[in-house]
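Q: structure of the sequence below:
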Amino acid sequence: MSPPVDDAGGHRHRAPGAGVERDVPAAGSPPRAGRPSAVRTGEVAAPTGEDAVETGTAVVADMDAVAEATEDAVAVLSRQRDEYLDMLRRVQADFENYKKRMLRQQTDQLERAGENLVAKLLPALDAFALTRAHLSDPTTAPPEVKALLQAADLVDDVLVKEGLERIDDPGAPFDPTVHDAVEHAPADGPAAPGAAGDDTDPAPAGPVVADVLRPGYRWKGRVIRAAMVRVRG
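A: Next up is the predicted model:
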């Protein structure tokens, strides 16, 4: 039998002792083009010529687009950061103002409460002052009166230390903010201590306090009761 003929016109022979068939080209047939012995998986041929230029241009365009998008994102984040910082500063300033306002209100409330308490004690202070005025000699007063006056002195000392100030100034210029005039005396009447006619002080230009009928009081610089006075001039 003659050996089979393959597609290229060659005979298929079996190598002696090998058991492996190999192709043998037929006589007079053109030689076959060489084939690569193996194909490497994943290898891609590098572009050349115009393809390489187009590829590089596309890569540069993509990089520019990414850079522009990154700059836009950074600008947006920076603007949001500035807005949040401004908002935080405003909130912090509002909170500081709130704390100051609350502290001022609490201080005012405490001062008002103290002022109201002292104002309620003024009649008692007036009674103590009248008691002293009616005593010709406090040293000869009964023990009960002496004890009462000592207690009154303690109350006066505490109130003075806390901010109570007595308005009892005969001969001073009349001040309607601290004096309540209930009587007027003529200008040529008897001079009060420290008023016009006193050699030590010059005569005031306007009306003066001739006599204090009831003392007034200030509490921490604020007049809580005007002094009841007789005015001359």
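Q: going forward, measure contacts between C-alpha atoms and count neighbours the same way
A: Will do.
Q: what's downstream of the longest helix along the chain, the next helix or strand?
A: Identified as the longest helix of the chain according to DSSP state H is helix 50-134. Reading on from helix 50-134 to the C-terminus, the next helix or strand found by DSSP states H and E is helix 143-162.
Q: what is the mean pLDDT for that following helix?
A: Regarding helix 143-162, the rounded mean pLDDT is 90.
Q: strand partners (parallel or antiparallel) of the helix or strand following that helix?
A: Downstream of helix 143-162, the first helix or strand assigned by DSSP H and E is strand 164-167. Strand 164-167 sits in its sheet next to strand 216-219 (antiparallel), going by DSSP bridges.
Q: got the CA coordinates for the partner strand in CSV?
A: Taking Å, rounded to 0.1, in the frame of the first residue of the first chain, the C-alpha atoms of strand 216-219 are listed here in CSV:
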residue,chain,number,x,y,z
GLY,A,216,-30.8,108.3,101.7
TYR,A,217,-28.9,105.2,100.6
ARG,A,218,-26.9,103.9,97.6
TRP,A,219,-26.4,100.2,96.9
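Q: isn't residue 138 up against residue 146?
A: Yes. Counting by Cα atoms under 8 Å, residue 138 does reach residue 146; the two are 7.3 Å apart.
Q: returning to that earlier point: please name every helix or strand in contact with the longest helix of the chain.
A: helix 143-162, strand 222-225 (3 or more Cα pairs under 8 Å, 6 or more residues apart in numbering; DSSP states H and E).
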